[in-house]
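Asks: show me the folded form of this:
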Amino acid sequence: MGAMVLFLPGIAWQALFWDPDEDIFERLAETIGVSISLTAMLALYANVIGWRISSAGLIIIYVLLIPAAAWAIRRWLKEQDARDGITRESDENDLEDKASTDPNGDKHSHWVNYIALTLIFLIILAWRFYQIRSLVLPVWVDSVHHVQIVKLFLESGGLPDTFEPYMPVPFFYHYAFHALAAVYSFFGRLSPENSVLYLGQILNAAIAIAFYRLGKALWSDWRRAALGAVLVAFVTQMPAYYVTWGRYTLLTGMLLLPLAMATAIDIINKGARRSRIATLIVLTAGILLSHYFAAVLLAIYLIILVAQVVLGGILQKKPSNWRTWISLSIAALVGLMLAGPWLLRVWDFAQGALEVGVIQPSLEAVETFYFQNYLSYLWRLLGPDRNHVTLFLALPGLIITLFRKRTRSFGIWTIILITVGLPWGVYVAPFRPDHVAIVLFLPTAMLISELFISAIDWSPIERFTRLKTIMVLILFTALVGWGIWGTRSVINPVTVLATKADLEAINWIDRNIPEEAGFFINVAHWQYGIYRGVDGGWWITPLTDRRTILPNGLYAMGDQEYVNRINKLAEQVSQLEGCTSDFWEVVRAEELTHIYINQARGSVRSNHFEDCSGVELIHENDGVSIYRIGYIMGEDT
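Replies: Next up is the predicted model:
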């Protein structure tokens with residue numbers, strides 16, 4: 001049931017806006033992207049009109065989509081039957097002649113290609129789930145607030161206005177992933193935490209199909225497209241590594257980005273069909289609601305694409321195809337307008353975060369503006385060694401794209417992306433060079449595909465063709481093998497806050513501790529003056545609704561007075577070293593009733609309470625201890 005969340009809205013969309021030039025995998029990728037975008041837009045406009053979507057209302061919406069989806073599937077099957085009929089009527093010799101000139105080969109082979117690509121995708125999906133085999137909860141800082149937001153969606157029946165009752169903070173966070181995860185949780189009968197973890201890996205696998213869609217639009221060659229999909233699934237460090245940060249919103253944006261880019265390319269190269277314009281509108285709105293950095297990357301690419309068409313017409317002294325680039329521009333503008341109500345809300349709350357300036361090209365200036373060892377941090381993000389090799393291999397591919405009219409816009413976009421990623425020069429906060437570093441997998445995979453297939457196709461001496469093909473296949477296989485070995489354990493242990501023992505303790509809390517309880521947990525400084533939890537105790541609020549001393553990391557989106565209060569408290573807690581007067585001062589001020597300790601994490605440890613009057617050990621398992629504070633009953637000293 002949960003799977004239909006990813007497909008049903010998009011399939012129904014295709015019933016209305018059908019593009020006969022796309023193959024099944026391009027349609028599948030587009031289906032997922034449109035489903036994400038439509039779900040986010042439904043949440044937005046339900047909020048605008050004040051409609052809280054009930055369980056019955058959500059079921060009715062999806063039931064109404066079934067007939068349209070069935071009609072779209074039937075239409076596609078009839079189209080395939082028609083193509084097969086034409087193929088069967090063709091003379092065998094005609095087929096051989098056509099195959100010699102058609103880069104896609106014999107029409108009979110399309111089913112073989114589909115089956116092969118289906119198997120590849122299923123392998124990718126299985127691989128993504130294998131990579132999280134050791135996890136009991138999503139990991140690191142972002143995951144805590146992602147689960148909290150999904151829970152808010154489910155509790156409020158749609159897009160929430162604030163983080164109440166969990167903290168007095170307005171809600172203006174990019175939310176497309178959370179809306180989809182909430183619906184996925186509802187239909188899949190999954191808890192929010194499992195919904196976030198599982199859906200995140202499904203989307204991570206789906207990025208490979210999105211890359212296939214972009215590759216087909218760039219080259220009209222399934223070989224390049226499939227190669228790029230395999231590289232991003234098994235070789236590049238990102239986006240597989242996103243799971244260890246819990247970067248699910250950027251993941252969603254990076255799934256939609258290549259789909260929107262591909263649709264824009266098709267509008268320029270194949271014409272401004274109604275279906276393509278409508279799809280670009282929806283995907284543009286979806287990206288704006290998914291992640292703002294991905295939206296900026298799309299805007300840069302669309303500007304380059306339009307400029308290339310217009311300038312090309314001027315330089316060749318021929319009128320450019322004004323209908324295509326105007327249609328593309330209007331589609332992007334309408335998508336922006338559809339996301340407008342949300343963007344205005346974000347602007348009202350977050351305009352102070354936007355800042356433009358210049359950083360001098362010196363180590364001191366960079367580390368002063370960002371943080372110490374920032375350049376080393378960027379280099380690590382571009383790694384490991386396997387990833388450095390892929391970046392090197394992408395450079396010849398970049399040169400090739402610049403010399404080909406069809407792919408020149410992509411090459412220019414890549415150069416701009418690299419330039420923006422430099423840690424000095426003009427900056428536009430809140431975007432940072434490290435954001436660029438973790439999205440370079442997109443051009444890297446596509447450019448290596450260009451290099452490898454161009455090496456195979458370029459044949460000044462025909463007898464070397466087979467040898468070149470073998471060499472490229474050996475190099476590609478070695479890269480894939482290296483990537484699989486390197487990402488088999490992609491989870492960074494440092495980012496795992498909750499272990500199995502933590503999850504068992506949290507479940508015990510949910511069953512045995514009153515809802516009005518307040519927990520002391522260990523905290524530590526994270527970045528930019530913000531604090532985080534250090535163990536499973538930080539998961540108590542998202543999973544049980546019990547209060548902890550530190551809310552999720554988005555408390556930093558609150559007003560300055562609230563943020564300062566939380567930071568002051570967190571700083572005090574992070575410096576505690578046991579059952580001291582300072583500890584009891586925090587307990588009384590925050591009206592805490594319980595203590596959560598993981599012996600392996602934090603400055604306050606369970607041994608600090610062995611002789612501490614006023615606390616009672618009530619749960620202990622594999623290093624995790626829960627204490628009841630007795631001062632409520634007047635027992636403290």
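
Asks: below-threshold pLDDT in the chain: ranges please.
Replies: 1-2, 80-111, 113, 317-320, 459-464, 631-637 (pLDDT under 70).

Asks: show me the domain layout of the chain.
Replies: 4-83+114-348, 497-633 (automatic domain parsing).

Asks: the shortest one: how far from the chain's middle?
Replies: The gap between the average C-alpha position of domain 497-633 and the chain average comes to 30 Å, counting by CA atoms, centre = their mean, to the nearest Å.

Asks: likewise the longest one?
Replies: In terms of CA atoms, centre = their mean, the centre of domain 4-83+114-348 is set 10 Å apart from its chain centre.

Asks: right, and the domains of the chain - which one's nearest residue 369?
Replies: domain 497-633 (11.7 Å; CB to CB). Bear in mind the C-beta positions are built from the backbone N, C-alpha and C, glycine included.

Asks: list the contacts of the residue most central in space within the chain.
Replies: Centroid-nearest residue in the chain: residue 251, 0.8 Å away (criterion: CA atoms, centre = their mean). Residue 251 sits next to 177, 200, 203-204, 207, 239, 242 when contact means CB atoms under 8 Å, 6 or more residues apart in numbering.

Asks: export those as CSV, with columns for secondary structure and distance to residue 339.
Replies: Output for the contacts of residue 251, formatted as CSV (DSSP: H, G, I helix; E, B strand; the rest coil; distance: CB to CB, whole Å):
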residue, secondary structure, distance to residue 339
177, helix, 15
200, helix, 23
203, helix, 20
204, helix, 24
207, helix, 22
239, coil, 23
242, helix, 23
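
Asks: highest neighbour count among the residues you listed?
Replies: Neighbour tally across those (other CB atoms under 10 Å): the maximum, 31 neighbours, falls on residue 207.

Asks: list the contacts for that residue?
Replies: By CB under 8 Å, 6+ apart, the contact list for residue 207 reads 232-233, 239, 251, 254-255, 258.

Asks: among these, which lie within helices?
Replies: Taking DSSP state H as the definition of helices, these contribute 232-233, 251, 254-255, 258.

Asks: distance to residue 494 for these - can I get that in CSV?
Replies: Listed next are the ones in helices among the contacts of residue 207 as CSV, based on distance: CB to CB, whole Å:
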residue, distance to residue 494
232, 25
233, 25
251, 20
254, 23
255, 26
258, 30
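
Asks: which one of the residues you listed is nearest to residue 431?
Replies: residue 254 (14.5 Å).

Asks: let me know the closest of the contacts of residue 251 to residue 19.
Replies: Nearest to residue 19 among the contacts of residue 251, counting by CB to CB, is residue 207 at 20.9 Å.

Asks: buried subset of the contacts of residue 207?
Replies: Buried subset of these (neighbour count, 16 or more other CB atoms under 10 Å): 232-233, 239, 251, 254-255, 258.

Asks: closest one to residue 220 out of those, please.
Replies: residue 258 (15.6 Å).

Asks: check contacts around the nearest residue to that closest one once chain neighbours are set aside.
Replies: Distance criterion CB to CB, 6 or more residues apart in numbering; nearest residue to residue 258, sequence neighbours excluded, is residue 214 at 3.8 Å. Residues near residue 214 by CB under 8 Å, 6+ apart: 225, 228, 258-259, 261-262, 265, 446.

Asks: now do residue 408
Replies: Contacts of residue 408 (CB under 8 Å, 6+ apart): 308, 401-402.

Asks: if we go to 10 Å?
Replies: With CB atoms under 10 Å, 6 or more residues apart in numbering as the criterion, the residues that contact residue 408 are 304-305, 308, 312, 401-402.

Asks: by neighbours, which of the residues you listed wins?
Replies: For these, the largest neighbour count, defined by other CB under 10 Å, is 27 neighbours, found at residue 401.

Asks: wait, doesn't that residue sit right on residue 224?
Replies: No - Residue 401 is not in contact with residue 224 according to CB atoms under 10 Å; the separation is 11.1 Å.

Asks: between those two, what contacts are shared?
Replies: Joint contacts of residue 401 and residue 224 (CB under 10 Å, 6+ apart) are 218, 407, 446, 450-451, 454.

Asks: show me which of those is closest to residue 346.
Replies: Among the shared contacts of residue 401 and residue 224, residue 446 lies closest to residue 346 (CB to CB), at 30.5 Å.
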